[in-house]
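Visitor: Following is a predicted model, sequence given first.
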Amino acid sequence: MDPVTQVEGGAYPFGMKNVDTDIIIPAHFLKTVSRDGLGRGAFEALRKDPANVFDDPQYKGSPIIIAGDNFGCGSSREHAAWALLDMGVKAVIAPSFSDIFAGNAFKNGILTVVLPQDQVDRLMEVARTDPITIDLESQIVTSPFQDRFSFEIDPFRKFCLLQGLDEVGLTLTRKDAITGYEQRLAQEKPWLARGTGLAA
């Protein structure tokens, strides 16, 4: 997972409320065994409208989505986070998120930023013409117009995102301690280590 320190650039002024994971990535895309290419199916139903924001050349490829309340509700499919990543999204700003979606986003290196509705509305306005910057270290969202909005984030999630640590990476930070434990266990209780390759 790549570290997330700052997300800067254009933003999709999406704003829709109660966007569920089926809207983010429809169920018929869940049969894939690869994460690659899921971005093509992201927001498929909405993209049938030629005027949709995701295919507008002005915003296409933006690393930020500005969404409405309760973003990511519905089923727990992790494919929703994978689809956003595949289309280049690194952060979503909204007044609230589904807990499961926020967890899946975090585990895949997507920053979810919760701001009050009036600040989200302001950023929607800014995004129509100018870039937005999210600084995770200082927990501030800024615009070229001196907008400065602070946000809260769980300290553990912040640490993992800044370091680029997913669950596997976090476990590997304790590799020496794990190896030491396994070696001690193999010597002290060899019957437990049989068949693991650790037994002497």
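Guide: Nice, thanks for sending it over.

Visitor: CA atoms for contacts and neighbours, from now on please.
Guide: OK.

Visitor: Could you double-check that G10 lies in contact with V126?
Guide: No. Taking contact to mean Cα atoms under 8 Å, the distance of 9.6 Å between G10 and V126 leaves them out of contact.

Visitor: Quickly list what's touching both of the two.
Guide: When contacts are counted by Cα atoms under 8 Å, 6 or more residues apart in numbering, the set common to G10 and V126 consists of I132.

Visitor: Tell me which of the two has more neighbours.
Guide: For G10 against V126, the residue with the higher neighbour count under other Cα atoms under 10 Å is G10, and the figures read 22 against 19.

Visitor: I'd like the distance between that one and I24.
Guide: Summarising the geometry, the distance separating G10 from I24, computed by Cα to Cα, to the nearest Å, is 19 Å.

Visitor: which residues in this protein form helices?
Guide: Per DSSP state H, the chain carries helices over the ranges 21-24, 79-86, 99-107, 117-127, 155-163, 167-172, 175-188, 190-193.

Visitor: and the lowest-mean-pLDDT helix or strand in the chain, how far from the chain's centre?
Guide: Per-element confidence for the chain was summarised using mean pLDDT, DSSP states H and E. The lowest value among helices and strands belongs to helix 167-172, with a mean of 71. With Cα atoms, centre = their mean, to the nearest Å as the basis, the distance from the averaged C-alpha position of helix 167-172 to the chain average is 17 Å.

Visitor: What helices and strands are in contact with that helix?
Guide: If you count contacts as 3 or more Cα pairs under 8 Å, 6 or more residues apart in numbering; DSSP states H and E, helix 167-172 packs onto no helix or strand.

Visitor: which residues touch that helix?
Guide: By Cα under 8 Å, 6+ apart, the surrounding residues in contact with helix 167-172 are K107, C160.

Visitor: So, low pLDDT: which residues of this protein?
Guide: Residues of the chain meeting the criterion pLDDT under 70: 172, 193-200.
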